[in-house]
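>>> Sequence and predicted model, in that order:
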Amino acid sequence: MKNTKECLLIDDDPADQEIFRMALQEIDGSIKCVLANNGIDALTILNPLTFTSDFIFIDINMPGMNGIQCLTEIKKPDHLKDAKIIMYSTPAQPKIVELISVLGANDFLVKPVTLDLLTEQLSTIFLN
Amino acid sequence: MRKRLSLKPKSLKEPSTIKRSEERYHRMIAEVQDYAIILLDRKGIIQNWNKGAEKIKQYKEAEIVGKHFGAFYLPDDRKNKLPEKLIREALREGRAMHEGWRMRKDGSQFWGSIVITALHDEKNKVIGFSKVTRDLTERKIAADNLQNYAAELELQNKELEQFAYVASHDLQEPLRKIQTFASVIEKNMADESLVKRYLDKINASANRMSQLIKSVLNYSGLSANKDQILETDLNSVLEVAKTDLELLIAEKKATIKNEILPTLPGIPLQLRQLFTNLIGNSLKFTDEHPTITISSKVVKPDEMVSKPEILPNISYVELSFADNGIGFEKDYEQQIFSIFQRLPGKKHYPGTGIGLALCKKIVENHKGFITAKSELGKGATFYVYLPV
């Protein structure tokens, strides 16, 4: 039984990656966070032999393969069918939120404006 | 001797009075200028002519009396037997009304409003038809223009909506970052080096927002005002663009080759922006010794690269801008012209992602279009098509 939590963040923006890491530090220094800059890299990381993430966070607005396409790809392989996927993004239109739910994402997290808000939201996710 | 159909007065009068009444009626009809009022026999053969008919359809009386009224109809309408259909309707219903394009003697068209009325004798047998035509071409053109204008407005509104959505969305990103960075600083006030680092990040985000806003203003200010169109020599446009970019050209040790370019109608300031953006783009995305080749030729639609489906069959000038830069994947050939669209992995190349959207708008203002062809690592060529 694994004690340390792990997560994967798929986001092309280095500033957002850094902020995410900082928030995780605030919650629990032992949480491991793997970063992927885009969907293609992420799919390599999500290789069945090495995949151990508890949560996958996907940014919606990425150039190239966007978050929605990424979500669709991740939901395909068997070993990822039950993965907990959380879309992480700036506020989106209702129909997008509906779409990601239909495509199998477990939750939608709006990128908060302060570090504290992000820490709060992530605690709820990790410590539940 | 042709038998003339006459309008019988209802009451019996003296023969001379009858003749005078008849004459009055004939004169009345003959002199009306705004309506063509003519008489047709049962088969549709023209029996007489009036001033209005001559004015509207251009035939003189001697040229047209004795011919079938189908002469005024367009070839397609005649093929589809429209004149015969209208006669049958008049026979059946008493009259037939129609509006449509008709032909004058010289082949030019007018929009006619027509009423064909069946005429009867005392035994209620149809003896012929009266045909009254009004030329409503001006009104038709005005109505069509109004419809086109409304359609254009609707399209522009949709574009504006989309533009506003994308612009505000993309502007919110750096703003959110500024707020987040500020909150990080708040929590780490004692850590001087962190505070300094994050203040720098805040500045960078603020600058980026400012850049984006300027480019948005620039883009939205690009209208296609007909008054601004002048005969523009593209060679001078190119020279000005090269001057605009001289620092970058020197820095990158770039070479710009070009053929003699044509002169065509356009908005000089916008064409300058078009050239500057395309050349600047190519310079930016070429790492070493950029070479940009600009050529032009006149083409017809079937010689074009990726032309849109609906295109008027006129000649265009094709301006091609070819570079030896990093290129991009074939899949992005359409996407790159979307506003704020930037290619993956290109974050270390500066820019707002609006340059190509700007180019597209400028070209569309000139009623042309722009396409691109590229392969990753093999440079890119941009094709600008402008009506000649």
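It's in.
>>> pLDDT score for the residue of chain A found nearest chain B?
Chain B sits closest to residue A:64 of chain A, with a gap of 3.1 Å, by CB to the nearest CB. Backbone N, C-alpha and C define where each C-beta goes, glycine included. If you check residue A:64, the pLDDT there is 74.
>>> Same check on the one 10 residues further on?
The predicted local confidence for residue A:74 comes out at a pLDDT of 87.
>>> so it sits right up against residue A:86, yeah?
No - applying CB atoms under 8 Å as the test, residue A:74 and residue A:86 come out as separate, 11.8 Å apart.
>>> sorry, back to before: mind checking the SS state of the residue of chain A closest to chain B?
Taking DSSP: H, G, I helix; E, B strand; the rest coil as the rule, one finds residue A:64 in the coil state.
>>> coming back round to it: now do the shared contacts for residue A:74 and residue A:86.
Shared contacts of residue A:74 and residue A:86, defined by CB atoms under 8 Å, 6 or more residues apart in numbering or on different chains, are found at A:56, A:58.
>>> Looking only at neighbour counts, state which of these two leads.
The residue with more neighbours, out of residue A:74 and residue A:86, is residue A:74; 23 against 20, by other CB atoms under 10 Å in any protein chain shown.
>>> Could you list the low-pLDDT ranges of chain A?
Applying pLDDT under 70 to chain A flags residues A:1-3.
>>> same thing but at 90, please
Along chain A, the model assigns pLDDT under 90 to residues A:1-6, A:12-15, A:25-32, A:38-54, A:60-70, A:72-84, A:89-104, A:111-115, A:125-128.
>>> Can you show me the strands along chain A?
Applying DSSP state E to chain A gives strands spanning A:6-10, A:32-36, A:55-59, A:84-89, A:107-110.
>>> Same list (the ones you listed) but as TSV, adding distance to chain B.
Shown next, in TSV, are the strands of chain A (distance: least, CB to the nearest CB, whole Å):
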stretch	distance to chain B
strand A:6-10	13
strand A:32-36	13
strand A:55-59	11
strand A:84-89	10
strand A:107-110	10
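>>> Go through those and pick out the most buried.
The highest average neighbour count among the strands of chain A, using mean count of other CB atoms under 10 Å in any protein chain shown, belongs to strand A:55-59 at a mean of 24.
>>> Which elements pack onto that one?
The helices and strands touching strand A:55-59, judged by 3 or more CB pairs under 8 Å, 6 or more residues apart in numbering or on different chains; DSSP states H and E, are strand A:6-10, helix A:67-74, strand A:84-89.
>>> Residue B:143 versus residue B:220, what's the distance?
According to CB to CB, to the nearest Å, residue B:220 and residue B:143 sit 31 Å apart.
>>> What is the longest helix seen in chain B packed up against?
Counting by DSSP state H, the longest helix found in chain B is helix B:137-187. In terms of contacts (3+ CB pairs under 8 Å, 6+ apart), helix B:137-187 is packed against helix A:14-27, helix A:115-127, strand B:109-120, helix B:192-220.
>>> now the helices and strands packed on strand A:55-59 as TSV including distance to residue B:298?
Converted to TSV, the helices and strands packed on strand A:55-59 look like this (distance: least, CB to CB, whole Å):
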stretch	distance to residue B:298
strand A:6-10	49
helix A:67-74	41
strand A:84-89	48
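>>> what's the closest of the ones you listed to residue B:47?
Residue B:47 lies closest, by CB to CB, to one member of the helices and strands packed on strand A:55-59: helix A:67-74, at 73.7 Å.
>>> From the chain's centroid, how far away is that closest one?
Centroid separation for helix A:67-74 versus its chain: 11 Å, with CA atoms, centre = their mean, to the nearest Å.
>>> Contact partners for the most centrally placed residue in chain A?
By CA atoms, centre = their mean, chain A has its centre lying nearest to residue A:57, at 0.3 Å. Residues near residue A:57 by CB under 8 Å, 6+ apart: A:7-11, A:20, A:86-88, A:109.
>>> Tell me the one of the residues you listed nearest residue A:41?
Within the contacts of residue A:57, the smallest distance to residue A:41 is 8.0 Å, found for residue A:10 (CB to CB).
>>> quick one: that closest one from residue A:85, how far?
For residue A:10, the distance to residue A:85 - CB to CB - is 10 Å.
>>> shared neighbours of these two, which are they?
Taking CB under 8 Å, 6+ apart as the contact rule, residue A:10 and residue A:85 both touch A:56, A:58.
>>> For the contacts of residue A:57, give me JSON lines that also has distance to residue B:119.
Below are the contacts of residue A:57 laid out as JSON lines (distance: CB to CB, whole Å):
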{"residue": "A:7", "distance to residue B:119": "91"}
{"residue": "A:8", "distance to residue B:119": "89"}
{"residue": "A:9", "distance to residue B:119": "88"}
{"residue": "A:10", "distance to residue B:119": "83"}
{"residue": "A:11", "distance to residue B:119": "84"}
{"residue": "A:20", "distance to residue B:119": "89"}
{"residue": "A:86", "distance to residue B:119": "84"}
{"residue": "A:87", "distance to residue B:119": "78"}
{"residue": "A:88", "distance to residue B:119": "82"}
{"residue": "A:109", "distance to residue B:119": "83"}
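>>> Nearest to residue B:105 among those?
Proximity of the contacts of residue A:57 to residue B:105 was ranked by CB to CB; the top entry is residue A:87 with 70.8 Å.
>>> was I right about that closest one contacting residue A:105?
Yes - counting by CB under 8 Å, residue A:87 does reach residue A:105; the two are 5.0 Å apart.
>>> what touches both of the two?
By the contact definition CB under 8 Å, 6+ apart, residue A:87 and residue A:105 are jointly contacted by A:58, A:71.
>>> re the thing from before, ok, which of the helices and strands packed on helix B:137-187 comes nearest residue B:276?
Ranking the helices and strands packed on helix B:137-187 by proximity to residue B:276 (CB to CB) places helix B:192-220 first, at 11.7 Å.
>>> and that closest one, what other elements does it pack with?
Counting contacts by 3+ CB pairs under 8 Å, 6+ apart, helix B:192-220 is packed against helix B:137-187, helix B:355-365.
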